[in-house]
Every structure is written in C-alpha cells, then in structure tokens.
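1. from the sequence below, what's the structure:
(one chain, ligands or ions: 2)
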Amino acid sequence: MKALIISRDNLLHAEVAAQGSARMPAVQLVASRLGLRDAVERVLAEAPELVILDASEVAPEEAELVERLVKHYPRACCMLLTRGPQQELLIRAMRAGMREVLPLPLVHRAFHEAMDRIEVETGVAHMRDGKALAFISCKGGSGATFLATNFGYALAVLAERKVLLIDLHGQFGDATLYVSDQKPAMTLSDICAQIARMDGAFLDSCLVHVTPNFGVLAAADDPHQAGTMKPEHMDAIMRVARQHYDYIVLDVGRQIDAISLRALDSADAIYPVLQLALPDIRDGRRLLDIFRSLGYPGERIRLIVNRYERGGKLRLADLEQALGAEVMHTVPNDYLSATDSVNQGVPLLQLSRSSPVARSLADLVEVVAARRVPESKGLFDRLFGRSESEL
Ligand SMILES: Nc1ncnc2c1ncn2[C@@H]1O[C@H](COP(=O)(O)OP(=O)(O)OP(=O)(O)O)[C@@H](O)[C@H]1O
Ligand SMILES: [Mg+2]
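-> Ligands and ions are numbered 1, 2, ... in the order given. Coordinates of the predicted model:
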C-alpha cells in the first residue's frame, strides 16, 4: 500500500517505515511532507492509497487544512497520529472522514490493528474465516506430524490457500524440521508469554515461512516456559489465526493436555492418524472414546490410515468395525520418499512430486478444499507438471 507521511519527526518517520515494511502487503512510504500546509500546497501527482498525518505539530489555525488535504486525495485512507488533546483538529478530521486516530508515541500493535482494518475496508485484505484441522497420532510414530506438515504445504501450494501450522507437541516438537531448515526464532510458548501483542502481524513474524503462503509456528521448546501457557492463550491465538489464515493445521502430538484440548475443542475437523495394526487400533479406540466422552460429534472425526498397504491380514473394514468409525482417507506406505523428505527437511511434494504419498496428499487437498473436477485437472497439472492433453 503506497503511503504519504506528513511529519517533521524523523524518528517517527523511520518507525512507521519499519513497521509498514514488515507488513504483508507492505506499507511503503512513497512520499513525505513536513507539515499540513506543505502537504496541501504540494499535492502528489500520483495519489497515495494511505495518508498518515502526524498532528503533533499542527497549529489550531491549521485545522481547516485537514479538510483540504482529504479533498485532494478522496480515495485514500487516512490515519491521524496525535500526541495530545487536539479536540478541534480531531473533530475536523472525523468530519473529513478520517477514522483511524492513534495516540503517540506509537503503539505498534495499535498501528497494525488499524492497518488490518484499513486493509479489510479497502479490499486489500479480507478477514478470513479460517478452518482449524487437527492431526493427532493414535500411536507414537503413526505419521501425524509427517502428514500434518506435508498436507499443510500441499494445501498452500496446490489449493493456493494461506496456511498456518501450529506445533502443539508439549515436548520434542519438531514439525518445522519436517519442512524447513530454518531455526525458529519464536515458539508457541514465546507467543503465549507475549500474548498482549497478539495480532496478525505479530503472529506472522513468529513463523518459520516455508513458502509465502505456508508458515509454521514451532512448539514450545522450554518445558519451564511451557508451564506458563494457558488455554486462554490458545483461544487468542486461534481467534487471530482464523482471521488471517484460510486453514490452521494443528499438529497435536500424542498427549492431550489443557492447551491441546482447547485447540481440539475449537477444531472444525480432527484427523486421528493410525496404521493398520492392532496396537494402533487399540490406541485409536481409546482416543475415539475420549472424543466421544468430550461430546465431539462423530462427523468431526475423520480417520486417516497411514502407511496403508493392500492385501494385509487386517482390512480397512476390520478397523472401521473395531473403531465404529469410517476411514476418510488412506495414505500409502512409501518408505523411501517419506524418509528422504524427513531427513532433508524438504516437503515431500517438492522432493518427489509423483510419489504415491504426494498423490495421496493431493487427493486429500481436493477433498478438504472442495476443489471441483475441472479445477482438479489444473491442480494435478501443477503437481505433476504435465499438460492437460497428457492427462
Ligand atoms: N506414508 C508413509 N510412508 C512411509 N513412511 C512414513 C509415512 N508416513 C510417515 N512415515 C515415517 O514415519 C516416521 C514417523 O512419523 P511422524 O514423526 O510424523 O509420527 P508422529 O505420529 O508425529 O509421531 P509422534 O507421536 O512421536 O509425534 C517419519 O519419520 C516418516 O519417515
Ligand atoms: Mg509428531
């Protein structure tokens, strides 16, 4: 968003420039004027989309210039920054249509919240209504983290959705390592410790960005700090996440604690991941019993059988009967591709596009993102790099 800033204060100019450039999309200060009079006398040839007016040095007799300024840029959004009570100016500014008034010194969170509102109003961004999808392993090593991370990546790349993955493992969370070699600068527990700063920009700044559309919030890595996390923190994070992402994929890990329970409560769908083996079925049954006792409706629970191989002694029907629930999706066993991807920390789709697991993930994306058949050709085309005629 191209912005004009009207201020004599170099420090404020630098502060707004830094906060603005950290946003996605960035606020670029394309021009500056030293005062209101300067701004109305030297009108920009190309109108800015945003005008940021530092009112701290606007004299009372200059207040009427606000209306002239707004008339020059009728389509621009305006933000007024004020240091003290400037009633006359405020009234005129409001009359002229300036809706965002922020006190100085600048509170960064307030600035970003105002920018969020402006972006929604101008259609630059829309408040999303993200869906939370929780992956939970019925038994250790079933593949929940592998599927959650690679599915998140697939949703972002194939369905072009904005996706956030939150690693909720209480201990030894390693979801970032499955898809990235970046070391997370912030973790879930760091965010909880600074929950008052929570907004879309802060959340985004805490992520490991695997692609511009896919970010991962790393698990709490310090058990002492993890102890200070509260379920209410999870509510705040989920609320902001839903506004800014199309999908929030939760890697719940095995143990259910107060934090992960709060996340599960709010999940739109829960994907228990298990393999077709008796120990998995036993643990799966326990997990489903817990979900039933928590009152989660059956249709919210969608079983995924991972590392599935046809022709084994146990059949899918046996598992469905034992668990009293339908299998929603199966992911084939693909040791080489999965191990390569995990060892390199590169998403499977990027590494082995045509592997059976990549195809299976693409199928799951189609079901979840409700892509229709004509679009799905394009989706496969993107995935396997083939032309329509080859399909
Ligand atoms: N479809 C698959 N085919 C082959 N190997 C797989 C498949 N899915 C997962 N794996 C392998 O299984 C291993 C364990 O997976 P993962 O770490 O995702 O399990 P998890 O359920 O998250 O375990 P935990 O309960 O410890 O968090 C991974 O290293 C991966 O290589
Ligand atoms: Mg895991």
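
2. what parts of the stretch 151-300 of the chain come near ligand 1?
-> Contact residues (C-beta under 6 Å from any ligand atom) of the stretch 151-300 of the chain with ligand 1: 253-254. From N, CA and C alone the C-beta is placed, and that goes for glycine too.

3. how close does the residue of the stretch 151-300 of the chain at minimum distance from ligand 1 get to Val16?
-> In the stretch 151-300 of the chain, the residue found nearest to ligand 1 is Arg254; the distance is 4.4 Å by C-beta to the nearest ligand atom. Using C-beta to C-beta, to the nearest Å, we find Arg254 at a distance of 46 Å from Val16.

4. where does the stretch 151-300 of the chain have low pLDDT?
-> Counting by pLDDT under 70, the stretch 151-300 of the chain contains low-confidence ranges at 225-226.

5. rerun at 90
-> Across the stretch 151-300 of the chain, the ranges flagged by pLDDT under 90 are 170-173, 196-202, 220-229, 243, 253-257.

6. before we move on, what about the stretch 1-150 of the chain?
-> Residue ranges of the stretch 1-150 of the chain with pLDDT under 90: 21-26, 57, 59-64, 84-99, 109, 112-113, 116-117, 119-129.

7. that one: strands as residue ranges?
-> Using DSSP state E, counting those that start in this stretch, the strands found in the stretch 1-150 of the chain span residues 2-6, 28-33, 50-54, 77-82, 100-103, 131-137.

8. a markdown table for those strands, including mean neighbour count?
-> What follows is the strands of the stretch 1-150 of the chain, written out as a markdown table (neighbours: other C-beta atoms under 10 Å):
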| stretch | mean neighbour count |
| --- | --- |
| strand 2-6 | 23 |
| strand 28-33 | 18 |
| strand 50-54 | 25 |
| strand 77-82 | 22 |
| strand 100-103 | 16 |
| strand 131-137 | 24 |
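
9. just the CA trace of stretch 208-225, in PDB.
-> Output in PDB follows, covering the C-alpha atoms of stretch 208-225 (Å, rounded to 0.1, in the frame of the first residue of the first chain):
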ATOM      1  CA  VAL A 208       9.100 -20.200  10.000                       C
ATOM      2  CA  HIS A 209       7.900 -19.400   6.500                       C
ATOM      3  CA  VAL A 210       8.200 -22.400   4.300                       C
ATOM      4  CA  THR A 211       6.500 -20.600   1.400                       C
ATOM      5  CA  PRO A 212       4.900 -17.100   1.400                       C
ATOM      6  CA  ASN A 213       1.600 -18.900   2.000                       C
ATOM      7  CA  PHE A 214       2.700 -21.500   4.500                       C
ATOM      8  CA  GLY A 215       4.100 -20.700   7.900                       C
ATOM      9  CA  VAL A 216       4.800 -23.000  10.800                       C
ATOM     10  CA  LEU A 217       4.700 -21.900  14.500                       C
ATOM     11  CA  ALA A 218       7.200 -24.100  16.300                       C
ATOM     12  CA  ALA A 219       6.400 -26.000  19.500                       C
ATOM     13  CA  ALA A 220       7.300 -24.700  22.900                       C
ATOM     14  CA  ASP A 221      10.900 -25.800  23.400                       C
ATOM     15  CA  ASP A 222      11.400 -24.900  27.000                       C
ATOM     16  CA  PRO A 223       9.400 -27.100  29.500                       C
ATOM     17  CA  HIS A 224       9.500 -24.300  32.200                       C
ATOM     18  CA  GLN A 225       8.100 -21.700  29.900                       C
END
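
10. centre of the chain versus that stretch, how much separation?
-> 11 Å (C-alpha atoms, centre = their mean, to the nearest Å).

11. for it, buried residues please.
-> Going by neighbour count (16 or more other C-beta atoms under 10 Å), the buried part of stretch 208-225 is 208, 210, 213-221.

12. contacts only, for the residue of the stretch 151-300 of the chain closest to ligand 1.
-> Counting by C-beta atoms under 8 Å, 6 or more residues apart in numbering, Arg254 touches 136-137, 139-140.

13. quick one: which of the buried residues of stretch 208-225 sit in strands?
-> 208, 210, 214-217 (DSSP state E).

14. so can I have CSV of those showing distance to Arg68?
-> Shown next, in CSV, are those (distance: C-beta to C-beta, whole Å):
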residue, distance to Arg68
Val208, 47
Val210, 48
Phe214, 46
Gly215, 43
Val216, 49
Leu217, 46
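
15. still on that earlier bit, farthest-separated two in the contacts of Arg254?
-> Checked with C-beta to C-beta, the contacts of Arg254 reach their widest spread between Ile136 and Gly140, with 11.5 Å between them.

16. residues from the stretch 1-150 of the chain in reach of ligand 1?
-> Proximity of the stretch 1-150 of the chain to ligand 1, by C-beta under 6 Å from any ligand atom, involves residues 137, 140-146.

17. filter those down to the buried ones, ChimeraX style.
-> To isolate the buried ones among those in ChimeraX, judged by 16+ other C-beta under 10 Å, type:
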select :137,142,143,144,145,146
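
18. which of the residues of the stretch 1-150 of the chain next to ligand 1 fall in helices?
-> Residues of these located in helices (DSSP state H): 144-146.

19. what angle separates the host helix or strand of Glu232 from strand 131-137?
-> Element membership for Glu232, per DSSP states H and E: helix 231-244. Between helix 231-244 and strand 131-137, the angle comes out at 130 degrees (axes from the mean of the first three to the mean of the last three C-alpha atoms, to 10 degrees).
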